[in-house]
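Visitor: here you go, sequence then predicted model.
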Amino acid sequence: MGSTRNSCRLLLDVGGTFLKSAVADAAGQLLSGSEFSCPIRSEGSREEIEGSLAATVARGAAFAAERGMELAGIGIAIPGPFDYAAGVSRMTHKFRSICGVDLRGVLHAMPGVPADAEIRFMQDVNAALAGEIARGNAAGYGASALVSLGTGLGFALSRDGRVLCNPAGGPKVVIFNLPYRDGILEDYASKRGFLRIYGELAGHTDPALTVADLGRMAGEGDARARETFATVGGILAAALRDLLVEHGVECLLLGGQISRSFAYMEAALRDGLRDVAGLTRIAPAEHIGEAAFYGLLAQADGIC
């Protein structure tokens with residue numbers, strides 16, 4: 001995305017339930033008051049999903065116009081499978097209704113989007129790691145990794161300050177489908193995993209319980225909630241150890257909303273990775289909510 005002094009970029013972070021956005025100025029600073037969150041249903045119809053995108057773009061375009069700014073480009077962080085160069089979703093497990101849709105064309109046709117606006121797509125966890133390399137806790141490390149804990153389990157790797165991608169632009173290495181117990185790692189180290197483990201410890205399940213509730217409960221001293229986070233920390237350490245050694249990872253970050261409860265996973269994670277030579281930093285992402293935005297800016301500027 002080219003930029004002039006009065007240009008701006010609209011940044012979108014597409015999740016399974018919410019679409020977050022912000023506007024950045026030509027200097028790459030997120031503008032106060034531009035943040036917007038819009039519901040989006042990954043299981044919704046094409047019209048519903050495109051409607052959420054349209055509402056977000058309209059809000060960003062209006063924000064820019066009100067300030068006399070030109071919308072020079074749009075960056076979208078979105079999960080995969082996805083053809084990031086072509087701007088076409090290949091997802092069939094979620095966002096099924098837009099599989100095969102030319103989203104770049106859809107966005108260019110929306111009111112307020114200039115015909116020459118550059119539209120770029122980036123895998124969401126790759127974007128988060130790129131953002132942490134550019135402006136966060138992974139800055140200055142030769143090899144880093146980010147584990148994203150949320151509805152799913154994401155993973156991104158970097159070498160020499162650049163995120164490693166597969167040919168389609170997705171993560172070079174995935175961990176969600178690693179075999180674990182009676183299923184895969186994501187069954188035990190994602191939203192459903194935390195709730196499953198807590199349910200096993202408590203002896204019952206509460207359909208209304210959220211991982212945010214578990215974090216609050218852990219903060220209040222609830223022993224089973226704390227054990228849940230520690231258990232997942234140990235599971236992640238065991239699953240990641242050989243991978244971190246293989247790739248010479250020096251900095252390991254946890255991202256996603258669940259990583260806000262990093263303090264309750266930290267001890268078990270550190271203990272399980274204590275003998276990984278060269279691993280000098282284990283921490284939450286510095287910009288849990290904004291890392292993907294910073295990664296999109298880094299991508300547009302050719303940094304990552």
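Guide: Structure's in. What do you need?
Visitor: helices of the protein, residue ranges please.
Guide: 46-66, 103-108, 124-135, 191-202, 211-219, 223-246, 266-272, 291-300 (DSSP state H).
Visitor: tell me the helices and strands packed up against the longest one.
Guide: When contacts are defined as 3 or more C-beta pairs under 8 Å, 6 or more residues apart in numbering; DSSP states H and E, helix 223-246 packs onto strand 143-149, helix 191-202, helix 211-219, helix 266-272. Just so you know, the C-beta spots here come from the backbone N, C-alpha and C atoms, and that holds for glycine as well.
Visitor: select, out of these, the one closest to residue 107.
Guide: Residue 107 sits nearest to strand 143-149 of all the helices and strands packed on helix 223-246, at 24.2 Å, using C-beta to C-beta.
Visitor: pLDDT on the closest one, on average?
Guide: Mean pLDDT, computed over strand 143-149, is 97.
Visitor: so what are the sheet partners of it and their directions?
Guide: Using DSSP bridges, strand 143-149 pairs in its sheet with strand 153-159 (antiparallel), strand 251-255 (parallel).
Visitor: which outside residues touch the longest one?
Guide: Read it as strand 153-159. With contacts defined as C-beta atoms under 8 Å, 6 or more residues apart in numbering, strand 153-159 is touched by 79, 123-126, 128-130, 133, 138, 141-148, 163-164, 171-176, 185-186, 189-190, 193, 247, 249, 255-256, 304.
Visitor: in TSV: the helices of the chain, plus distance to residue 284.
Guide: Formatted as TSV, the helices of the chain follow (distance: least, C-beta to C-beta, whole Å):
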stretch	distance to residue 284
helix 46-66	27
helix 103-108	31
helix 124-135	10
helix 191-202	16
helix 211-219	12
helix 223-246	12
helix 266-272	9
helix 291-300	10
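Visitor: dump those helices into CSV; add mean neighbour count, mean pLDDT and distance to residue 7 as well.
Guide: Below are the helices of the chain laid out as CSV (neighbours: other C-beta atoms under 10 Å; pLDDT from 0 to 100; distance: least, C-beta to C-beta, whole Å):
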stretch, mean neighbour count, mean pLDDT, distance to residue 7
helix 46-66, 18, 97, 9
helix 103-108, 18, 97, 17
helix 124-135, 29, 97, 19
helix 191-202, 18, 96, 38
helix 211-219, 18, 97, 37
helix 223-246, 19, 97, 40
helix 266-272, 17, 98, 41
helix 291-300, 28, 95, 11
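Visitor: so for residue 6, which of those helices sits nearest?
Guide: Checking these against residue 6 by C-beta to C-beta gives helix 46-66 as the closest, at 9.6 Å.
Visitor: residues making contact with that closest one?
Guide: Applying C-beta under 8 Å, 6+ apart, the external contacts of helix 46-66 come out as 8, 10, 12, 19, 21, 23, 31, 33-34, 36, 38-42, 44, 70-71, 74, 95, 97-98, 101, 103, 106-107, 110-113.
Visitor: and it, how far out from the chain's middle?
Guide: Distance of helix 46-66 from the chain centroid (C-alpha atoms, centre = their mean, to the nearest Å) equals 20 Å.
Visitor: how close does residue 119 get to residue 10?
Guide: Distance, residue 119 to residue 10, by C-beta to C-beta, to the nearest Å: 10 Å.
Visitor: comparing these two, which residue is more hemmed in?
Guide: For residue 119 versus residue 10, neighbours defined as other C-beta atoms under 10 Å are more numerous around residue 10 (30 against 18).
Visitor: I figured that one hits residue 75, correct?
Guide: Yes - using C-beta atoms under 8 Å, residue 10 makes contact with residue 75 at a distance of 7.4 Å.
Visitor: can you get me a residue count around residue 172?
Guide: Residue 172 is flanked by 16 other residues according to other C-beta under 10 Å.
Visitor: quick check: it touching residue 145?
Guide: No - here residue 172 does not reach residue 145: they are 10.7 Å apart, not a contact under C-beta under 8 Å.
Visitor: please name the nearest non-neighbouring residue to residue 283.
Guide: Among residues not flanking residue 283 along the chain, residue 137 sits closest, at 5.2 Å (C-beta to C-beta, 6 or more residues apart in numbering).
Visitor: and the one you found, what pLDDT?
Guide: At residue 137, pLDDT is 98.
Visitor: check contacts around it.
Guide: Residue 137 makes contact with 251, 253, 281, 283, 284, 285, 286 under the criterion C-beta under 8 Å, 6+ apart.
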